[in-house]
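Colleague: Give the three-dimensional model of this entry:
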Amino acid sequence: MIGARPSEIVRLADVMISRAVFWAEDIPLLPTISANDIPDPNTFKALAIVRDAQRNGQRVELADLIERGCSPDYVALRVTLDRAGSVGSSSEAARGMRQALARKRAGQLVENDLPARIADGDGLATAQQVVELLRAAHDGREDSPPLETVTTTALLSEAEKPIPWVFDGLIAQADSTVIGGHAGAGKNWISDDLAMSAALGEDAFGGGIKGPGHPIKVLVATEEMSPPLIGRRLKKLAIGRGLDPALLADLPLVYLPPVGASLTDPSKRRAFFDLVGKQNPGLIVIDSLVRFSSGVDMNDAGAIAAFFAEGIAPLSRDMGAAVLILAHNRKPPSQAVKSEDLQHRLRGSSDIPAAVGCVAVLERAGTTDARTLTVTKLRWANEPTPMGLLIADTADGGVRIVATTGAADLDSLILDTLADAGPSGCLRVSILNELEERGVSRATADRNITRSLGKLTAKGRVAKLTEGRSVRYWSRDYAPKTALKGGE
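Modeller: Numbers count the residues shown, from 1 in each chain. Predicted coordinates for the structure are as follows:
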């Protein structure tokens, strides 16, 4: 240990001090350290106690830490780390997640229990009470809890509960969503609007998607946008909503700017889990998948599955947060992509969409302000019809994001197009062109037009007639008799 870096010393100290009772002679000899090496006063005091005990071959208890000046919340954290199984785990990700949970539990113990049980000047007796309290609160916790089954009765009772949406049809609590798109599609504008809407407890996209109904804490972790850029975007979105940007300071919305955060490096993953444990957000936005999975071969199915199991699932499954991940699409192909391949335009392995509860793809109509958000996978319910979005500047210097088409509006746009065409009707390609003019991307329209036209024809609202190799469509009010008879 001679010449060890301060960070290594602190890491060793965490392991030692987290044990409720230990023998100093059972641990490596610590080198001489100074407060400059270990700036945290609690850790420094604890290390000093350990070193003194080593020299004298004495037994060390956590009561000694409190008696010698370490704060009770520091000791609470050390004990909860141990009781959460932070020592000796074979999984770095699991260890980091348990540490985050332990920090949360320790904070709750200190806030709710310890002050009522600590009397000023009680010295060792008070310290011993604290230790006993913490042990009693956490006794019985195992590194790997026993497996337990769930009865069908319990499962059916869960089925009666409403879907825990944060944003209807897109983001659910304790689940993860990926939104993919090409550079310039507007993914960050969309995610920032969702984050602000969640913190406000409002609907997103100008009412296009139903929100949580109450404010929830949001943590946005970005490795792609600098603090000045984040600030400018938030200001523009606030103005676009008609809000005073100064009011954002009161929202439960926090950002982690680029600091080299990662969910693959064990130490950085633990640091991120610690941050989540302290902030306790209801929604976490990760920008972006490729940045937070640094070092992972995005085309390796096994590596991707491990990344989501160790880096993403603990955030949603163990912490109960909704997780929104921004992802990049592959480079645009030289020829049109088949409509059924939209989901697989995400850069990387197909295990990416397989690992999450919802996948959505954001497309931009050329260089216009019009976008289309298409949900291609949704575990909780049927995928909604693609939503048209408009991301546009406002006259007062803001940016406004509004839904232009919703769950049932593609059918309405087709009916409007055919009504405008009158007795002439429209070929399929003409309908596609008109939908694109109205803000629906070509790929989205091409993917959904057959289903919509078939549904409208079956309902008798649209008539069609084959003309050689083409099919012409009419609104029922303008259709010729041969078309109304279903002539083919």
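Colleague: now the helices for the stretch 251-400 of the chain?
Modeller: 266-279, 289-292, 301-307, 313, 351-355 (DSSP state H, counting those that start in this stretch).
Colleague: Which elements pack onto the first one?
Modeller: Counting contacts by 3 or more C-beta pairs under 8 Å, 6 or more residues apart in numbering; DSSP states H and E, helix 266-279 is packed against helix 92-112, strand 218-222. (Glycine included, C-beta is placed from N, CA and C.)
Colleague: residues making contact with the last one?
Modeller: With C-beta atoms under 8 Å, 6 or more residues apart in numbering as the contact definition, strand 218-222 has outside contacts at 188, 191-192, 195, 198-199, 230, 252-258, 261, 272, 275-276, 279, 281-288, 292.
Colleague: The same query, at a cut-off of 6 Å, please.
Modeller: With contact meaning C-beta atoms under 6 Å, 6 or more residues apart in numbering, strand 218-222 is reached by 195, 198-199, 253-256, 261, 279, 281, 283-287.
Colleague: Identify the residue spatially nearest to residue 282, adjacent ones excluded.
Modeller: Take residue 282 and drop its neighbours on the chain: the residue closest to it by C-beta to C-beta, 6 or more residues apart in numbering is residue 216, 3.6 Å away.
Colleague: same question but for residue 238, I mixed them up
Modeller: Excluding the flanking residues, the one nearest residue 238 by C-beta to C-beta, 6+ apart is residue 245, at 4.3 Å.
Colleague: Check for me that residue 163 belongs to a helix.
Modeller: No - Residue 163: not assigned to a helix; according to DSSP: H, G, I helix; E, B strand; the rest coil it is coil.
Colleague: tally of neighbours for it?
Modeller: 11 (other C-beta atoms under 10 Å).
Colleague: Let's see the pLDDT reported for residue 81.
Modeller: We have a pLDDT of 46 for residue 81.
Colleague: Then residue 368?
Modeller: Value for residue 368, per-residue pLDDT: 80.
Colleague: Shouldn't residue 194 be within a strand?
Modeller: No - according to three-state DSSP, residue 194 belongs to no strand; its state is helix.
Colleague: Wait, residue 355 touches residue 308, no?
Modeller: Yes - the pair residue 355 and residue 308 qualifies as a contact (C-beta atoms under 6 Å) at a distance of 3.8 Å.
Colleague: got the CA coordinates for stretch 151-169 in CSV?
Modeller: Listed next in CSV are the C-alpha coordinates belonging to stretch 151-169 (Å, rounded to 0.1, in the frame of the first residue of the first chain):
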residue,chain,number,x,y,z
THR,A,151,-48.9,-16.4,-7.3
THR,A,152,-51.3,-16.0,-10.3
THR,A,153,-53.7,-14.2,-7.9
ALA,A,154,-51.1,-11.6,-7.2
LEU,A,155,-50.3,-11.2,-10.9
LEU,A,156,-53.9,-10.8,-11.8
SER,A,157,-54.3,-8.2,-9.1
GLU,A,158,-51.4,-6.3,-10.7
ALA,A,159,-53.2,-6.5,-14.0
GLU,A,160,-56.1,-4.5,-12.6
LYS,A,161,-53.9,-1.6,-11.8
PRO,A,162,-53.5,1.2,-14.5
ILE,A,163,-50.4,1.2,-16.6
PRO,A,164,-47.8,3.3,-14.8
TRP,A,165,-47.3,5.8,-17.6
VAL,A,166,-45.1,8.8,-17.2
PHE,A,167,-46.0,9.7,-20.8
ASP,A,168,-48.8,7.7,-22.3
GLY,A,169,-47.8,5.2,-25.0
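Colleague: Show me which residues of the longest strand along the chain are buried.
Modeller: For the chain, the strand with the greatest residue count under DSSP state E is strand 370-378. Using 16 or more other C-beta atoms under 10 Å as the test for burial, strand 370-378 gives 370, 371, 372, 373, 374, 375, 376, 378.
Colleague: quick one: the closest residue in space to the last one that isn't next to it in sequence from residue 372, how far?
Modeller: The shortest distance from residue 378 to any residue that is not its chain neighbour, by C-beta to C-beta, 6+ apart, is 5.1 Å, and that residue is residue 358. Taking C-beta to C-beta, to the nearest Å as the measure, residue 358 and residue 372 are separated by 16 Å.
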